[in-house]
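Chemist: Mind folding the following:
(2 chains)
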There are 2 protein chains.
Amino acid sequence: MSNELHSAPLTGHFPFCVEPFQEDITGQLSWGVLGNLLLRCANLHAGSLNYGYKDMIARQHVWVLARLIVEIDRMPRTEERYDIATWFAGYYRQFSDRKYLITNDNGEPIGRALTVWSLINTETRTAADLAQFGGNTFDACIVSRELSLAAPARIRIKANTPERQLTAHFSDLDINGHVNSIRYLSHALDLFPLSFHTAHTLRRIEMAYSAETFAGDTISYYHDEISPLTHHIEVRKHTPLSPTEEVVCRICLIFSEASA
Amino acid sequence: MSNELHSAPLTGHFPFCVEPFQEDITGQLSWGVLGNLLLRCANLHAGSLNYGYKDMIARQHVWVLARLIVEIDRMPRTEERYDIATWFAGYYRQFSDRKYLITNDNGEPIGRALTVWSLINTETRTAADLAQFGGNTFDACIVSRELSLAAPARIRIKANTPERQLTAHFSDLDINGHVNSIRYLSHALDLFPLSFHTAHTLRRIEMAYSAETFAGDTISYYHDEISPLTHHIEVRKHTPLSPTEEVVCRICLIFSEASA
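Modeler: Numbers count the residues shown, from 1 in each chain, chains lettered A, B, ... in the order given. Next up is the predicted model:
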């Protein structure tokens, strides 16, 4: 791979440790914390290669998350160290792929992830053609490394009443002014009773984002149980001024029995 | 101060940086993140002095947060570095005081905090007399350092209908199995519209905890506006089996105008 434009490594490594108050009730790193760390690593690594959030803002563009897939074989527990490796895996039209390999303290793989991003013009709100926008920059950053991660499910929700409805508040928002992308995952997990979480382990999540939500929006969660271990959830929003529901995010959750 | 029992410094220093996705919509470190970091520093520092969570669990006791007071002159913003210094400030009967000084990258103070903890026997659920329990250990750890922090307000709520009521879910719980102590602060901040948060800056919080909540509990927020900038909130819980409300936490929030 050519790497003439910058000195940063094409694969970024970010070491972490499961800190107190980052776990869920089972003592594992919470999925909400892991999700935000994956987004943070994307931003840090892209920044080291000169196409991060700041670089793009200077060109009136912003990276927007379109998709997140995470598979975990064994979630790290309190005080365990782990490493998130991430690289830019390529782009096509308006979407760019970033892949991740999560390893434990012995360097053994414990998880894999993919994030898909589009680059939105902050004035026109349209997605840039990445070949046009930064082909030279992006081409030099691509790492062709295999990562075994199944394609996402097709999600068509049958439920016609929301299982939960809530209003977006201040603490749901991130610096971008919209509800934090990972918050929908936490809310989706909250559709299950505690007894389900202690009897099952979440193994894989798929999140496909199609719209943002803002403070005051009503957010509805529609939930189909495909099988006892596979659940599809559609997140929709509406507002008093715009009462027609719009799809925000589609989610697939795949669990295993906790003993597995 | 004598320090014969351990080699760790009596004042712990924990350097941090405001990472992406740790900010609120205003670009400042979110109060929720800061609150959990203060608890994390308490645990790390107590652990370094051999009276942390693990040490106490081995003796069938657990530290429980009774009070949290935080004053912030200027909250750090994205990518800014800051340091949390913390020390054990003394104990009396069943309560121990831990103090904190938060400084910016130039070493200038930007905030102060106090946490008060009691040590609960995990079998009898009663609080230990700290002089009896670990007088020798604790005495050697005390740092007599002045910290200017006003005493907390007396909170007596007049509101007789809750401003918000919600149910505790999986993602609200921490490894201890109860709703995370800082979650009540986030919910309290969510009682205010976004327009209030962008026009005001939170300067001081006081949290006085009196009970835990668990998955499925109904949590109600009663809110008195004492003045436009001073707000008192009482958090109460009830369950279908125990419908009488019990006080969980009393909160005082003091804001300034955002320009201040």
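Chemist: beta partners of A:Met207?
Modeler: Beta-bridge partners recorded for A:Met207 (DSSP bridges): A:Leu68, A:Ile251.
Chemist: contacting residues for it?
Modeler: A:67-69, A:181, A:184-185, A:249-251 (Cβ atoms under 8 Å, 6 or more residues apart in numbering or on different chains). C-beta coordinates here come from the backbone N, C-alpha and C atoms, glycine included.
Chemist: can you tell me how far it sits from A:Val248?
Modeler: 10 Å (Cβ to Cβ, to the nearest Å).
Chemist: what residues are shared contacts of the two?
Modeler: When contacts are counted by Cβ under 8 Å, 6+ apart, A:Met207 and A:Val248 have A:Tyr184 as shared neighbours.
Chemist: Need the residues that contact the helix or strand bottoming out on mean pLDDT in chain A.
Modeler: The weakest-scoring helix or strand in chain A, judged by mean pLDDT, DSSP states H and E, is helix A:130-139 (a mean of 82). Residues from elsewhere that reach helix A:130-139, judged by Cβ under 8 Å, 6+ apart: A:2, A:5, A:49-51, A:61, A:88, A:91-96, A:119.
Chemist: quick one: which of those is nearest to A:Arg156?
Modeler: The closest of the contacts of helix A:130-139 to A:Arg156 turns out to be A:Phe95 (Cβ to Cβ; 21.7 Å).
Chemist: beta partners of the closest one?
Modeler: Going by DSSP bridges, A:Phe95 forms beta bridges with A:Tyr92.
Chemist: per-residue confidence at it?
Modeler: Listed pLDDT for A:Phe95 reads 96.
Chemist: Same check on the one 4 residues further on?
Modeler: In this prediction, A:Lys99 carries a pLDDT score of 98.
Chemist: Contacts only, for it.
Modeler: Counting by Cβ under 8 Å, 6+ apart, A:Lys99 has contacts A:86-87, A:89, A:112-114, A:145, A:147, A:149.
Chemist: Of the residues you listed, keep whichever come out buried.
Modeler: Buried subset of the contacts of A:Lys99 (neighbour count, 16 or more other Cβ atoms under 10 Å in any protein chain shown): A:86-87, A:89, A:112-114.
Chemist: Return the residues of chain A in contact with chain B.
Modeler: Residues of chain A lying close to chain B by Cβ under 8 Å from any Cβ of the partner chain are A:19-21, A:23-27, A:30, A:32, A:36, A:39-40, A:43-44, A:53, A:78, A:169-175, A:177, A:180, A:186-187, A:189-190, A:192-194, A:197, A:215-216.
Chemist: Give the ranges of residues in the stretch 101-250 of chain A that sit below the confidence cut-off.
Modeler: For the stretch 101-250 of chain A, the stretches with pLDDT under 70 are A:135.
Chemist: wait, doesn't A:Pro152 sit right on A:Arg67?
Modeler: Yes. Using Cβ atoms under 8 Å, A:Pro152 is in contact with A:Arg67, at 7.2 Å.
Chemist: what touches both of these two?
Modeler: A:206, A:208.
Chemist: ok, now which ones touch A:Glu80?
Modeler: By Cβ under 8 Å, 6+ apart, the contact list for A:Glu80 reads A:17-18, A:104-105.
Chemist: Now tabulate those residues in a markdown table and tack on secondary structure.
Modeler: Shown next, in a markdown table, are the contacts of A:Glu80 (DSSP: H, G, I helix; E, B strand; the rest coil):
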| residue | secondary structure |
| --- | --- |
| A:Cys17 | strand |
| A:Val18 | coil |
| A:Asn104 | strand |
| A:Asp105 | coil |
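Chemist: Select only the buried ones of these in PyMOL?
Modeler: The PyMOL selection below is limited to those of those classed as buried (16+ other Cβ under 10 Å):
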select buried, chain A and resi 18+104
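Chemist: And the contacts of A:Glu80, which is closest to B:Ala140?
Modeler: Nearest to B:Ala140 among the contacts of A:Glu80, with distances taken as Cβ to Cβ, is A:Cys17, at 28.2 Å.
Chemist: mind checking pLDDT for that closest one?
Modeler: On pLDDT, A:Cys17 comes in at 95.
Chemist: swap in the one 3 residues further on?
Modeler: Model confidence at A:Pro20, expressed as pLDDT, equals 81.
Chemist: quick one, what contacts it?
Modeler: Taking Cβ under 8 Å, 6+ apart, one finds A:78, B:39-40, B:43-44, B:53, B:175 in contact with A:Pro20.
Chemist: where along chain A do the strands fall?
Modeler: Using DSSP state E, the strands of chain A run over residues A:11-17, A:61-72, A:81-92, A:95-104, A:109-121, A:164-167, A:200-209, A:218-227, A:230-238, A:246-257.
Chemist: who wins for proximity to B:Arg125 among these?
Modeler: strand A:200-209 (29.9 Å).
Chemist: tilt between the closest one and strand A:246-257?
Modeler: In terms of direction (axes from the mean of the first three to the mean of the last three Cα atoms, to 10 degrees), strand A:200-209 departs from strand A:246-257 by 160 degrees.
Chemist: Distance from strand A:200-209 to the middle of the chain?
Modeler: Counting by Cα atoms, centre = their mean, to the nearest Å, strand A:200-209 is centred 10 Å from the centre of its parent chain.
Chemist: Just give the closest residue to A:Arg40, not the sequence neighbours.
Modeler: Spatially, and ignoring its direct neighbours in sequence, A:Arg40 is nearest to B:Pro20 (5.1 Å; Cβ to Cβ, 6 or more residues apart in numbering or on different chains).
Chemist: Closest to the centroid, which residue in chain A?
Modeler: The centre of chain A sits closest to A:Leu68, judged by Cα atoms, centre = their mean, with a distance of 3.7 Å.
Chemist: pretty sure that one is in contact with A:Tyr100, am I right?
Modeler: No. A:Leu68 lies out of contact with A:Tyr100 (Cβ under 8 Å); the separation is 10.2 Å.
Chemist: Residues that sit against both of these two, list them.
Modeler: Counting by Cβ under 8 Å, 6+ apart, the shared contacts of A:Leu68 and A:Tyr100 are A:38, A:113-115.
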